[in-house]
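Chemist: Got a sequence here, can you build the structure:
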Amino acid sequence: MSRLKLFLPLFIFMALALLFWHGLSLNPQEMPSALLNKPVPAFSLSKVTDSSQIVHKEDLPREPHLLNVWATWCIACRVEHPYLNALAERGVPIVGINLKDDDKAALAWLERFHNPYRYSLADREGRLSLDLGVFGAPETFLVDAEGTIRCKHVGIVDDKVWQTKLQPLYDKLTTQGWEEFAGDLSDSLLSRCH
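Modeler: The predicted model follows:
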């Protein structure tokens, strides 16, 4: 029995090493969203630009739009931000969710790097992000005109992600209702939205 105790740390190390190795093979962008095809959770948050203005779920745009989770402390958000500006210039409506950030830092960020958002919600405690199943920033949700989440992307939105994953769905949602749209979707298009 005492010999077995000598090898116990080795067995524990081997088990942890196997779990770590398996974890490295997972793609974080393939994490399924429990809220796919469900409404955006209810919320009541102030705007980053004016803490006296409170926004509720009912105030979200009544058209297909992106919900983008971002933060000034997020390096990947800095990489993504110019592309969000380009999308906003093309007329894509984007609502920001500023995750666990300081309002002054967020305002300075938007002034320095330009503001692609119709408005940005101050999710200071991270409750809305938690309700959305956010693992970290950036994460982006495609929401239809009725306020239902139709697609989730974990990571940076760039031209490739936009053209291959989000834009085909956004374009269809913009020109068709969800019922008509869902009937036209191929399984491969749906499989891209987790």
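Chemist: Count the residues that sit near residue 113.
Modeler: 15 (other CB atoms under 10 Å). To be clear about C-beta, it is placed using only N, CA and C from the backbone, and glycine gets the same treatment.
Chemist: Would you quantify the distance from it to residue 80?
Modeler: 11 Å (CB to CB, to the nearest Å).
Chemist: what does residue 145 give?
Modeler: To residue 80, residue 145 is 24 Å away according to CB to CB.
Chemist: More neighbours: which of these two?
Modeler: A direct count of neighbours by other CB under 10 Å for residue 145 and residue 80 places residue 80 higher, at 22 against 15.
Chemist: What strand or helix carries that one?
Modeler: helix 75-89 (DSSP states H and E).
Chemist: swap in residue 112?
Modeler: Assigned by DSSP H and E, residue 112 falls in helix 103-113.
Chemist: buried residues in that helix?
Modeler: For helix 103-113, the neighbour count (16 or more other CB atoms under 10 Å) marks 103, 106-107, 109-110 as buried.
Chemist: Serialize these to CSV and add fields for pLDDT and distance to residue 75.
Modeler: Formatted as CSV, those follow (pLDDT from 0 to 100; distance: CB to CB, whole Å):
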residue, pLDDT, distance to residue 75
103, 93, 20
106, 97, 16
107, 97, 19
109, 97, 13
110, 97, 17
